[in-house]
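Student: Model the following, please.
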Amino acid sequence: MHRKLMLLAIVFFSMLLLLSNARVVNAQFSEAGVQKLRVAVDAPDFTLKEIGGGKVSLKELRGKIILLNFFATW
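Tutor: Sure, this is the predicted structure:
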């Protein structure tokens, strides 16, 4: 029970920290001239080659959570 209470407290304070930081982030976006889209816009479809030789397109992954990591070494 003590462990669940501690986890709940951590989650609560994490959310509190995130919410308090949201105002700062919104102010930074406004200052930079960044605005939210008023109408949802679909990402353009693209296809990438897989390491194994196959291909995967964004359209095939519709409805799934996708993390794109564009990694480069300079």
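Student: What's the separation between P44 and K59?
Tutor: To K59, P44 is 10 Å away according to Cβ to Cβ, to the nearest Å. Where C-beta positions appear, they are placed from N, C-alpha and C, glycine not excepted.
Student: which regions of the chain lie under the pLDDT threshold?
Tutor: Applying pLDDT under 70 to the chain flags the ranges 1.
Student: all helices for it, in order.
Tutor: For the chain, the helices defined by DSSP state H occupy 2-31.
Student: ok, now how distant is F70 from K59?
Tutor: From F70 to K59 the distance is 19 Å (Cβ to Cβ).
Student: Of those two, which one has the most company?
Tutor: A direct count of neighbours by other Cβ atoms under 10 Å for F70 and K59 places K59 higher, at 12 against 4.
Student: can you tell me which residues contact that one?
Tutor: Contacts for K59 (Cβ atoms under 8 Å, 6 or more residues apart in numbering) come out as D45.
Student: Begin at 19, not 1, for the rest of this chat.
Tutor: Yep, numbering from 19; the last one is K77 now.
Student: Kind regards, and thank you for your time.
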